[in-house]
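>>> Task: produce atomic coordinates for the following.
(one chain, ligands or ions: 1)
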Amino acid sequence: MEHLQTALQESLKKMPAELDARLMRMENQQKTIGDQLENQINLTKGQQDQLESLKNAVPINFEVRLAQIEEQQNLLQETLNKIPEDFEQKLQKLEQNQKDELTKLGAQQSANQVTLMEIYSKVFWPNFERIGSRLFYINHKDAFNWQSAVDFCRGMGGYIAAIKDQEELDAISARLDDKSYWLGINDMHSRNTYVSEASGREVEFLNWNAGEPNHGHDDENCVELINSKMNDDPCQKKKHVICQTDKEEENTVFA
Ligand SMILES: [Ca+2]
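Numbering: from 1, shown residues only. Now for the predicted structure:
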């Protein structure tokens, strides 16, 4: 019994050291597990935060809006698919329509202008007629010296005529008999410088008869038209006259 007691005591004496060591081991294990658990918890918490912020970022009606966007995209795609053929056709049609309208408008405008010009000329120059692109009045019956011829045409609301080109000369000549007609051309101020009475400028077109201008007797300063040709003749001689309505400006109403 004493022996047993001694052994127990011995054992009890040893115990604290053993217990301590075991307790230390357990404590360490527990600490390791605790650390791991804490890491695990932190990790989970981080994921949770992430999820939370994602949830906040997604709008509440996300699904609805996504569906709308999808629908819009489909519509857009359908429209885009249709564009090449439709668009080109429509554009061509539009362009053609526009061209047609412009052509019609142009024709209408020209017609209006002609009508207006005719009305205008009838009101202001009732005795003038269109010959080529301009209006003329040919006096076949009276006889004027050159200055009276100038005055006569002014009295008619126009100017004594200077012919602008061969085409006009031909058209006028076709309406004349074989008599003489004064033109609004002279070289009174400077020999061989032939000036238009209407414009005050040197004329650009002359069609002299053979041997003219001859400045006969030194007093042939006015130009007549006879048998489709021009001749310088004394200004005091009496002849018929041709009048025009315009001053031969670049953009006259009847140019
Ligand atoms: Ca002559």
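
>>> domains for this protein, by residue range?
In terms of domains, the chain is parsed into 2-58, 129-244 (source: automatic domain parsing).

>>> Could you say which of those domains is packed most deeply?
Ranked by mean neighbour count, the domains of the chain are led by domain 129-244 with a mean of 18 (mean count of other C-beta atoms under 10 Å). From N, CA and C alone the C-beta is placed, and that goes for glycine too.

>>> can you map out the helices along this structure?
With DSSP state H as the definition, the chain shows helices at residue ranges 2-57, 62-124, 146-155, 166-173.

>>> quick one: low-confidence ranges for the stretch 101-250 of the chain?
In the prediction, the stretch 101-250 of the chain carries residues with pLDDT under 70 at positions 250.

>>> Point out the residues in it that sit beside the ion.
Contact residues (C-beta under 5 Å from the ion) of the stretch 101-250 of the chain with the ion: E212, N214, G216, E220, N231, D232.

>>> Go again with 6 Å.
When proximity is defined by C-beta under 6 Å from the ion, the stretch 101-250 of the chain lies next to the ion at E212, P213, N214, G216, E220, N231, D232, D233.

>>> The fifth one contacts G211, correct?
No - contact criterion C-beta atoms under 8 Å: E220 and G211 do not qualify, at 12.0 Å.

>>> gap between stretch 199-210 and the chain center?
With C-alpha atoms, centre = their mean, to the nearest Å as the basis, the distance from the averaged C-alpha position of stretch 199-210 to the chain average is 42 Å.

>>> can you check stretch 193-213 too?
Its chain's C-alpha centre lies 43 Å from the corresponding centre of stretch 193-213 when counted by C-alpha atoms, centre = their mean.

>>> Equivalent analysis for stretch 130-140, please.
Centroid separation between stretch 130-140 and its chain, computed with C-alpha atoms, centre = their mean, is 39 Å.

>>> which residues touch it?
By C-beta atoms under 8 Å, 6 or more residues apart in numbering, the surrounding residues in contact with stretch 130-140 are 121, 125, 127-129, 152-153, 156, 158, 161, 164, 167-168, 171-172, 175-177, 179, 181, 240-246, 252, 254-255.

>>> now do stretch 67-78
With C-beta under 8 Å, 6+ apart as the test, stretch 67-78 has no contacts from any other residue.

>>> about what we covered before: so which of the contacts of stretch 130-140 belong to strands?
Of the positions in those, E129, Y181, H240, V241, I242, C243, Q244 sit in strands, assigned by DSSP state E.

>>> mind listing what the residue found closest to the fifth one once you drop the neighbours it is linked to in the chain touches?
Once flanking residues are discounted, I242 sits nearest to A161: 4.3 Å by C-beta to C-beta, 6 or more residues apart in numbering. When the contact criterion is C-beta under 8 Å, 6+ apart, the partners of A161 are F136, C153, I172, L183, G184, A198, I242, C243, Q244.

>>> Torsion angles phi and psi at A161?
Its backbone dihedrals place A161 at phi -80, psi 140, with angles given as degrees, to the nearest 10.

>>> now it: how far from D178?
If you measure A161 against D178 using C-beta to C-beta, to the nearest Å, the figure is 18 Å.

>>> Kindly report the same for F136.
The span separating F136 from D178 equals 18 Å under the rule C-beta to C-beta.

>>> again with N97
To D178, N97 is 57 Å away according to C-beta to C-beta.

>>> just S196 next, same as before
Using C-beta to C-beta, S196 is found at 25 Å from D178.

>>> follow-up on the earlier one: out of the helices of the chain, which is closest to M188?
Distances from M188 to each of those were compared using C-beta to C-beta; the minimum, 9.4 Å, belongs to helix 146-155.
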